[in-house]
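**Q** here is a sequence with its predicted model. Questions after.
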Amino acid sequence: MNDPLARGAGDVVSWTKRVSELARSGRSAEAVAAFSRMDAAPNALTLASVLPACAALRSLRAGRAIHGFWLRCGGVPGANLIVDNAVLDVYAKCGALGTARRLFDGMPERDVRSWTAMVWGLARSGTPRDAVGMFRAMLSDDGGGGAKPNEATVVSVLHAAASTGALACGEALHSYALKRGLAGEQVVGNALINAYAKCGDARMALRAFDELPEKDMVSWGTVTMAMAVNGRCRAALLLLSLMLRHGVRPDGAVFLALLSACCHAGLADRALEVLDAMRRVYGIAPRKQHYTCALDACGRAGRLDKFEEIVRQMPVEFDQQVLGVCYASASEWRARGVAGVGGEQLWGRFLEGEVDAGGGMYALVSKSLADAGRWEDACAVRERMAARSIEKDVACTWIEV
């Protein structure tokens, strides 16, 4: 097939090699910058090298500019499948799904990369049901040219199943992965664990973990979090012991899962032990998420003394998430007739606008103040909410039918 940019002049080979090396090493911004400095006409290989960098940067503007250049040079759909897929990937990852779909439908030839780009984009752009539909179309070979799903395709559609909580879909994908011999692949196994966890089936999440011939840190962290979010704190803590027996050193993600498990089970003392071991034994500095989980565990258990101690020691500023935990706990303690941590101080910081928060937090604060008979403060919160044009998101529930 003729390359519409085969006439490139200058040292295009050296430039292409430079752009490709930067993109492959994760230096996406440098790859795009190098492409913009080229003093030779880029060829199809150059474009195929820089477009993944645009996708990694989620730079729709750069991707469109390069696509336009390709079209002006005669790069109609079908002229070069590699470039077509790279352009499609940019649009899909940047959320321009309408453009991506038009390009996909106009491709005279599609391979597994084409289908996977569309499934990935749909799964992560708020249309997971369409991602599952695209995967089914691929299996039915509706214009797919015989393309068979690979690990990346299965992982993408598993993400869609997890997003919708569609357990039946997850089970069907698990069966498909087993038949294709993909379930033993680490990335697929990890996605299966996550999908089962999000669908509320902790038993199958643990089974998918056990079926993995090799387990990496993502596997351990994912299955531990699966146990945590499904209320199996004992299983999560046992997994830590199993990790240590296998000589695997836990990382921050595993500790976050353990703290989440303790939080869900209301085990404040155990959460504090995990937080202390994380710092003292494993030398891992807790991040905001770790402190927030520990705060939540103490708040639910009414451990005011430990709650205040953690708040004072936190090396991070209050933000919406931390404020939510503190305020929920303070409100609960106030309802019990107990002076919670920073109750007055927390309200003061909020009313003075020192902490940025969303509509849900404003509504919670206003309601709690009103319940306490503090009508002026409740009105002040509502006025601040209106002045900043902050609205509370309407709640919704997925119902699988």
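**A** The structure has been received and is ready for your questions. If you're wondering where the values come from, they're calculated on a predicted model, not measured in any experiment. Numbering: from 1, shown residues only.

**Q** can you count the residues close to Ala378?
**A** Neighbours of Ala378 under the rule other CB atoms under 10 Å: 18. C-beta coordinates here come from the backbone N, C-alpha and C atoms, glycine included.

**Q** what is the host helix or strand of it packed up against?
**A** For Ala378, the host element (DSSP states H and E) is helix 375-387. Here helix 375-387 touches helix 343-351, helix 359-371, going by 3 or more CB pairs under 8 Å, 6 or more residues apart in numbering; DSSP states H and E.

**Q** among these, which gets the worst mean confidence?
**A** Among the helices and strands packed on helix 375-387, helix 343-351 has the lowest mean pLDDT, at a mean of 54.

**Q** what segments of this protein are strands?
**A** Taking DSSP state E, the chain contains no strands at all.

**Q** check what pLDDT the residue nearest the centre of it gets.
**A** Nearest residue to the geometric centre of the chain (CA atoms, centre = their mean): Arg124, 8.8 Å. The model reports Arg124 with a pLDDT of 89.

**Q** just the CA coordinates of the helix holding Ala378, formatted as PDB?
**A** C-alpha atoms of helix 375-387 as PDB (Å, rounded to 0.1, in the frame of the first residue of the first chain):
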ATOM      1  CA  TRP A 375     -30.700  28.800  61.900                       C
ATOM      2  CA  GLU A 376     -28.500  31.800  61.200                       C
ATOM      3  CA  ASP A 377     -25.500  29.600  60.500                       C
ATOM      4  CA  ALA A 378     -27.600  27.300  58.400                       C
ATOM      5  CA  CYS A 379     -28.800  30.200  56.300                       C
ATOM      6  CA  ALA A 380     -25.200  31.500  56.000                       C
ATOM      7  CA  VAL A 381     -24.100  28.200  54.600                       C
ATOM      8  CA  ARG A 382     -26.900  28.200  52.000                       C
ATOM      9  CA  GLU A 383     -26.100  31.800  51.100                       C
ATOM     10  CA  ARG A 384     -22.400  31.000  50.600                       C
ATOM     11  CA  MET A 385     -23.500  28.000  48.400                       C
ATOM     12  CA  ALA A 386     -25.700  30.300  46.300                       C
ATOM     13  CA  ALA A 387     -23.000  32.900  46.000                       C
END
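
**Q** what about that helix, distance to the chain center?
**A** 34 Å (CA atoms, centre = their mean, to the nearest Å).

**Q** what comes up buried for it?
**A** Within helix 375-387, the residues scored as buried using 16 or more other CB atoms under 10 Å are Asp377, Ala378, Ala380, Val381, Arg382, Arg384, Met385.

**Q** what sits against Lys148?
**A** Lys148 is in contact with Val112, Arg180, counting by CB atoms under 8 Å, 6 or more residues apart in numbering.

**Q** okay, now the unreliable bits of the stretch 201-350 of the chain?
**A** 302, 304-305, 307-308, 315-350 (pLDDT under 70).

**Q** before we move on, back to that, need the buried residues of helix 375-387 in a markdown table with pLDDT and distance to Ala23, can you?
**A** Below are the buried residues of helix 375-387 laid out as a markdown table (pLDDT from 0 to 100; distance: CB to CB, whole Å):
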| residue | pLDDT | distance to Ala23 |
| --- | --- | --- |
| Asp377 | 71 | 54 |
| Ala378 | 75 | 54 |
| Ala380 | 77 | 52 |
| Val381 | 72 | 49 |
| Arg382 | 77 | 50 |
| Arg384 | 73 | 46 |
| Met385 | 74 | 45 |
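
**Q** low-confidence stretches in the stretch 51-200 of the chain?
**A** Looking at the stretch 51-200 of the chain by pLDDT under 70, you get 141-146.

**Q** just the helices in it please.
**A** For the stretch 51-200 of the chain, the helices defined by DSSP state H, counting those that start in this stretch occupy 60-72, 81-93, 97-105, 112-124, 128-139, 151-164, 167-179, 186-198.

**Q** now the ones you listed in a markdown table, with distance to Gly283?
**A** Formatted as a markdown table, these follow (distance: least, CB to CB, whole Å):
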| stretch | distance to Gly283 |
| --- | --- |
| helix 60-72 | 40 |
| helix 81-93 | 36 |
| helix 97-105 | 44 |
| helix 112-124 | 34 |
| helix 128-139 | 39 |
| helix 151-164 | 32 |
| helix 167-179 | 37 |
| helix 186-198 | 26 |
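
**Q** show me the chain divided up by domain.
**A** As recorded under automatic domain parsing, the domains making up the chain are 1-108, 110-214, 215-316, 341-401.

**Q** now find how far off-centre the third one is within its chain.
**A** Right, the one you point to is domain 215-316. Distance, centroid of domain 215-316 to centroid of chain: 20 Å (CA atoms, centre = their mean).

**Q** for Arg312, give its distance to Val119.
**A** 48 Å (CB to CB, to the nearest Å).

**Q** more neighbours: these two, which one.
**A** Neighbour count, other CB under 10 Å: between Arg312 and Val119, Val119 has more, with 29 against 9.
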